[in-house]
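Asks: Please find the sequence and the predicted model below.
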Amino acid sequence: MRRAVSAAALVAALALVAGCGEEPHPAGGDHVEPGSGKSSAAAQASGGAASPTGTGAGAAAPGTTFTVAFAGDVHFEGRTEARLNLKAPEQALGPISKKLADADLSVLNLETAITERGAPEVKTYTFRTPARSLKVLQDSGVDVVSLANNHAVDFGQPGLTDTLAAKASSPIPVVGIGKDAAEAFTPYVADVKGVKVAVVAASQVDEETNRKWRAGAGKAGIASALDEAALLKAVTQAKAQAPVVLVYLHWGEEGKACPTAGQTSIAKKLSAAGATAVVGTHAHTMLGAGMLGSTYVAYGFGNFLWYGTSSYANSNETGVTTLTLTAEGKVTGEEFTPAQISGQGVPVPETGAQAAASLKRRDGLRGCTGLAPVPK
């Protein structure tokens with residue numbers, strides 16, 4: 001869903017940065033993007049007002065369907081750092097980026113602080129990337145980025161300040177982090193073929209970032225799914241604006257290919273709150289996906305553009321998941337494009353027998369989820 005930022009949106013973003021000191025309000029926060037897919041007009045701010053059409057389908061024509069593509073965790077560190085400097089930036093994610101660009105909306109997780117300064121937090125792994133990574137992702141077909149993860153504040157307050165500034169000037173919306181909890185939980189609302197689609201993000205991973213850098217009242221940080229009441233409220237409010245609500249979570253247990261009790265519990269609650277899809281990453285391996293009633297749930301997309309090797313089984317398995325949805329928010333189809341992460345950390349699409357084997361293994365992961373197959 002390629003877009004350019006309008007002059008009005010840029011002026012608004014600069015004004016917001018000037019007014020908020022070190023913790024700027026995002027230009028890509030609570031706004032509706034008009035348009036009909038990848039040829040959409042420039043993003044425009046709506047001032048946070050709810051859609052006048054409520055949960056209706058807006059200007060969507062009868063029988064309208066559209067696609068949403070999801071991918072997993074992305075790093076521009078280690079062996080993937082050079083992907084920021086390719087002469088053809090649309091190829092930063094490799095050939096599979098076409099699947100993201102072809103979808104009407106695409107979402108993934110950027111597993112890093114967006115900063116070039118600050119001291120690393122006291123933890124085993126810390127990651128950061130320059131702000132231009134957001135433009136590189138846009139050029140690679142990505143429409144929305146989640147920063148609700150356990151590495152978004154790896155470089156302390158200076159890094160968080162820079163990350164919020166990068167969000168404010170980003171060419172694509174960034175969700176799941178903000179100058180306070182209200183902003184961190186604010187959905188991005190897009191108009192896709194006349195259908196309003198809201199994207200909410202939060203982290204359920206209980207570790208240093210969620211404990212120390214959880215956004216609160218007057219406190220900058222990530223949106224925390226450990227605050228279930230806040231997350232469910234955000235989804236309920238998003239549903240009042242849009243018939244389609246996509247929740248991108250950081251969740252699960254590293255190396256485990258079956259969902260945890262915490263994952264299955266929050267998935268049920270989010271489904272009851274009206275989520276159309278509940279998806280996410282963190283485990284460094286893929287988990288099963290399917291239907292929980294009328295809600296699509298993908299418990300883990302795995303790594304995607306990955307900085308280094310992993311000792312976890314099947315950690316190089318990845319791909320792009322593309323859902324087909326109706327204007328009313330019904331999931332009518334799922335396509336998975338399997339890929340393997342190369343020695344350069346790039347997701348390389350599979351073909352032939354290899355792809356068939358990967359699809360079969362992925363379908364088998366549903367066995368421990370309690371989810372039903374997606375309609376075909």
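Replies: In hand now; what should we look at?

Asks: what about Ala190, helix or strand, and which?
Replies: Element membership of Ala190 [criterion: DSSP states H and E] is strand 188-192.

Asks: Just the CA trace of that strand, in PDB.
Replies: Backbone C-alpha positions of strand 188-192 (Å, rounded to 0.1, in the frame of the first residue of the first chain) are rendered in PDB as follows:
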ATOM      1  CA  TYR A 188      -3.600   3.200  12.900                       C
ATOM      2  CA  VAL A 189      -6.800   3.400  10.800                       C
ATOM      3  CA  ALA A 190      -6.500   2.900   7.000                       C
ATOM      4  CA  ASP A 191      -9.100   3.200   4.300                       C
ATOM      5  CA  VAL A 192      -8.600   0.200   2.100                       C
END
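
Asks: downstream neighbour of it in the secondary structure list?
Replies: Scanning the chain past strand 188-192 towards its C-terminal end, the next helix or strand to appear is strand 195-203 (assignment: DSSP H and E).

Asks: what number of residues lie near Glu228?
Replies: One way to gauge burial is a neighbour count; for Glu228, by other CB atoms under 10 Å, it gives 16. In this view, the C-beta of every residue, glycine as well, is placed from N, C-alpha and C.

Asks: can you pull the contacts of Trp251?
Replies: Taking CB atoms under 8 Å, 6 or more residues apart in numbering as the contact definition, Trp251 lies against 203-205, 225, 260, 262-263, 266, 280-282, 299-300.

Asks: hmm, 10 Å instead?
Replies: By CB atoms under 10 Å, 6 or more residues apart in numbering, the contact list for Trp251 reads 149, 202-205, 225, 259-260, 262-263, 266-267, 278-283, 287, 299-300.

Asks: Can you give me the distance of it to Arg79?
Replies: To Arg79, Trp251 is 26 Å away according to CB to CB, to the nearest Å.

Asks: Next: Val145.
Replies: Between Val145 and Arg79 the computed distance is 21 Å (CB to CB).

Asks: Same drill for those two, tell me which one is more crowded.
Replies: Set side by side, Val145 and Arg79 give different neighbour counts by other CB under 10 Å, the larger being at Val145 (29 against 17).

Asks: what pairs with the more buried one across the strands?
Replies: Under the criterion DSSP bridges, Val145 forms beta bridges with Leu108, Val174.

Asks: ok, now Leu305?
Replies: Applying DSSP bridges, one finds that Leu305 bridges with Val74.

Asks: swap in Val279?
Replies: Those that pair with Val279 in a beta bridge, by DSSP bridges, are Tyr248, Ala298.

Asks: What about it, how many residues nearby?
Replies: For Val279, the count of nearby residues is 26 (other CB under 10 Å).

Asks: Pretty sure it sits against Gly252.
Replies: No: Val279 sits out of contact with Gly252 when judged by CB atoms under 10 Å, with a separation of 11.3 Å.

Asks: list the residues that contact both of these two?
Replies: Common neighbours of Val279 and Gly252 (criterion: CB under 10 Å, 6+ apart): 299-300.
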